[in-house]
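# Sequence isn't available, so here's the structure alone:
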């Protein structure tokens, strides 16, 4: 979807439409993050500096972690589907396919879109102490895997459906969710707190409202996130679908679910934040877009589309994900260096310039790490795209070094509302 034709932007001025379209593009993410990266390399940022002499050793570390799990380097996409396969009950997805076997291929893809979209939106940081015990196995999962398994089981139980039994998420079902539903579903107690529970609930309720406002994307009768499948199939040309087309549909369709974000003429920009070090050259020039959850969601929607026979193109147009595992890797291994103690000793909100700098530098450094890894392995972008470097990869390496240094917590303390990280 071209942002200029999005129903949200139809009545805006040309300058406003242009700014919104730009800030929704992966090119803008790299360009704005690149401006801050250039300043960091000149040691002109307030909170971080870069040390590119560490790049080779970081690439070696990521390769080592990658080969522990993928010794043949046959790496899947970095997507939510990997988290559904954890533990001894690895047949979860096979069992899901069995339950969807009576559906047409399009209908099956719609159900998988419903699951992936809901699960990704619930995937912001869980906190260091929360855990989920799977009743079928008794296994204990935490963090992203725990949120994935919990949301998978809740989806299979019909929690997000209006009739509370169908394998789908729909507008009515999402709007009728209660805090008690999520508290029970995620096993939240005083002894087992989940960071940002209310924020997650609001996000899903907002999604329920937004689905009804975009019939061209989500259907007019019983709107569902999964109806986005049909829209995207129609965007394909000769069986090929650009990755960026998926991202643009996600950003245009889900933009209004994010609360308390920067807006242009009442159009919610989502994961976009200001930084004063950027030169003020006009409208929106000091804003830095990231769209972390939207890109993570886009990566997670590609596999159901591939199952329909579509060829996904332009994978490396999207960026690396600026979240605390990838950012923690860069900081823990010295590619990034904090310039003062408050960076690591004081909790920070997502809009703070500490976090905006950290995330911006992470985006660019992930590109550098990916290039270094491909050079060392003798591979190309086509065989080792960024989405596989992340999976192999930087996310796992960030988790591993965090576990070694601090028992798993990130190097920077985040004040999360359950909607960003």
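Ah, there it is. Predicted, not measured: the structure shown is a model, and the values here were computed from it.

# Might you report the residue contacts of residue 287?
23, 32, 262, 269, 272, 273, 274, 278 (CB atoms under 8 Å, 6 or more residues apart in numbering). All C-beta atoms are positioned from the backbone trio N, CA, C, and that covers glycine.

# Regarding it, what are the backbone dihedral angles?
phi -100, psi 140 (degrees, to the nearest 10).

# Per-residue confidence at it, what does it come out as?
Listed pLDDT for residue 287 reads 97.

# Could you measure from it over to residue 32?
7 Å (CB to CB, to the nearest Å).

# Mutual contacts of those two, please.
residue 278.

# ok, now which ones touch residue 143?
125, 126, 130, 408.

# can you rerun that using 10 Å?
83, 123, 125, 126, 127, 128, 130, 131, 132, 325, 399, 408 (CB atoms under 10 Å, 6 or more residues apart in numbering).

# just those now: which is nearest residue 205?
Nearest to residue 205 out of the contacts of residue 143 is residue 123 (CB to CB; 17.0 Å).

# Residue 210 against residue 270, yeah?
No: Residue 210 sits out of contact with residue 270 when judged by CB atoms under 10 Å, with a separation of 12.0 Å.

# Of these two, which one has the most company?
Looking at residue 210 and residue 270 with other CB atoms under 10 Å, you find the greater number of neighbours at residue 270, namely 24 against 21.

# Backbone dihedrals for the nearest residue to the more buried one once chain neighbours are set aside, both of them.
Sequence neighbours aside, residue 258 is the residue nearest to residue 270 in space, at 4.9 Å (criterion: CB to CB, 6 or more residues apart in numbering). Here is the backbone geometry of residue 258 (degrees, to the nearest 10): phi -80, psi 130.

# Residue 258 contacts residue 290, doesn't it?
No: taking contacts as CB under 10 Å, residue 258 lies outside contact range of residue 290: 11.9 Å.

# For stretch 279-288, buried residues please.
284, 286, 287, 288 (16 or more other CB atoms under 10 Å).

# What average pLDDT does stretch 378-389 get?
Stretch 378-389 comes out at a mean pLDDT of 95.

# now do stretch 218-235
pLDDT averaged over stretch 218-235 gives 95.

# for that stretch, the distance to its chain's centre please.
Centroid separation between stretch 218-235 and its chain, computed with CA atoms, centre = their mean, to the nearest Å, is 20 Å.

# Show me what counts as buried in it.
Neighbour-count burial for stretch 218-235 [16+ other CB under 10 Å]: 218-219, 222-229, 231-233.

# Then stretch 363-379?
Buried residues in stretch 363-379 (16+ other CB under 10 Å): 363, 364, 365, 366, 367, 368, 369, 370, 372, 373, 374.

# Next up, the contacts around the last one.
Yep, that's residue 374 we're talking about. 59, 380, 381, 383, 384, 385, 386, 389.

# nearest to residue 13, of those residues?
Proximity of these to residue 13 (CB to CB) peaks at residue 386, which lies at 34.8 Å.

# where along this protein do the strands fall?
Under the criterion DSSP state E, the chain contains strands at 48-50, 131-133, 140-142, 240-242, 263-264, 267-268, 272-274, 287-289, 311-313, 336-338.

# now for the second one, which elements pack on it?
In terms of contacts (3 or more CB pairs under 10 Å, 6 or more residues apart in numbering; DSSP states H and E), strand 131-133 is packed against strand 140-142, helix 143-156.

# closest to residue 245 among the buried residues of stretch 218-235?
residue 232 (6.9 Å).
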